[in-house]
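**Q** Kindly generate the corresponding structure for this input.
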Amino acid sequence: MTYQRGSWFRVYVPRPAARARLFCFPYGGGAASSFRGWAESLPESVELVAVQYPGRQDRLADPVPAGIPELAEEIAAAVGSRFEVPTAFFGHSMGAVVAFEVARRLQPRYPSPLARLYVSACRAPGTHRRARRPLEEDEMRRYIQSLGGSGANSLDDDDIWEVAHPVIRTDLGWTGAYEFTPGAPLSCPVEAVAGAEDRAATPADMALWKDYTIGGARTHVLPGGHFYFEECLPRLTSLLAETLVPEPVSPQPTGKRS
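**A** Residues are numbered from 1 along each chain as shown. The predicted structure is shown next:
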């Protein structure tokens, strides 16, 4: 693994010869380590770079941005000009909104810098509703558990909840205060990925991401709920690899008539 203390990015499986790079943005309450296993599941042609938000794990003492717009500004500045190979963003749940807002901030600085934006299990930005009030601690716990997934199940343990809930509170505060500001659409393609049984962001909800790009959009539905990738990670990483680094098509022999 390569990273500098206090940095935004973690590369768990360095691949200097990779043909493409995929930045992955964690869901609310998550961290860069959520993507450790993904790096090994991707082919050698793709290097995964996991984003580490401040205020968690090894960045526990780092200043926490006030909201998603401020977070996106800082990440966009940190990404800089890392576009020497085709580069895409993948964001799950809250991470999809963060990835989208970073992509918006990069677009004016570089000509179409992103090869693709992958958004997963997250309603389109303009359909998001601000929270009327912050959730109480027991409400937070029930809400996270309602989304399912192995991480939510572990919150039954009071000791784990005690460690996790400050980060969850911060992230729910970010999403609860987020308000989409209309602007120019993205120019890169958008690939929206939904869990077939996800009630928080249904396949129909995910299809609305098509309105946020002029680069074309597709919706992919995989088995499972909000954390569908826990059940079918190989299918997801295959989808990512096939759309980001498609295999070249060999020319068909024309055949000669004698």
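**Q** Show the contacting residues for the residue nearest to W8 when sequence neighbours are not counted.
**A** What sits nearest to W8 in space, not counting adjacent residues and going by CB to CB, 6 or more residues apart in numbering, is A78, at 4.3 Å. (Each C-beta comes from the backbone N, C-alpha and C, glycine too.) The contact partners of A78, taken as CB atoms under 8 Å, 6 or more residues apart in numbering, are 7-9.
**Q** since we're on P189, how many residues are nearby?
**A** P189 is flanked by 18 other residues according to other CB atoms under 10 Å.
**Q** let me redo that: V163
**A** Neighbours around V163, by other CB under 10 Å: 9.
**Q** Using PDB, write down the CA coordinates of the helix or strand hosting it.
**A** When elements are assigned from DSSP states H and E, V163 belongs to helix 158-177. Extracted in PDB, the C-alpha atoms of helix 158-177 (Å, rounded to 0.1, in the frame of the first residue of the first chain):
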ATOM      1  CA  ASP A 158     -22.600  -1.200  21.500                       C
ATOM      2  CA  ASP A 159     -18.800  -0.900  21.600                       C
ATOM      3  CA  ILE A 160     -18.600  -0.800  17.800                       C
ATOM      4  CA  TRP A 161     -21.400   1.700  17.700                       C
ATOM      5  CA  GLU A 162     -19.600   4.000  20.100                       C
ATOM      6  CA  VAL A 163     -16.600   4.100  17.800                       C
ATOM      7  CA  ALA A 164     -18.600   4.400  14.500                       C
ATOM      8  CA  HIS A 165     -21.300   6.800  15.400                       C
ATOM      9  CA  PRO A 166     -19.300  10.100  15.400                       C
ATOM     10  CA  VAL A 167     -18.300   9.400  11.800                       C
ATOM     11  CA  ILE A 168     -21.800   8.400  10.800                       C
ATOM     12  CA  ARG A 169     -23.100  11.600  12.500                       C
ATOM     13  CA  THR A 170     -20.700  13.700  10.400                       C
ATOM     14  CA  ASP A 171     -21.600  12.000   7.200                       C
ATOM     15  CA  LEU A 172     -25.400  12.100   7.800                       C
ATOM     16  CA  GLY A 173     -24.900  15.800   8.600                       C
ATOM     17  CA  TRP A 174     -23.200  16.300   5.200                       C
ATOM     18  CA  THR A 175     -25.900  14.500   3.200                       C
ATOM     19  CA  GLY A 176     -28.700  16.100   5.300                       C
ATOM     20  CA  ALA A 177     -27.500  19.600   4.500                       C
END
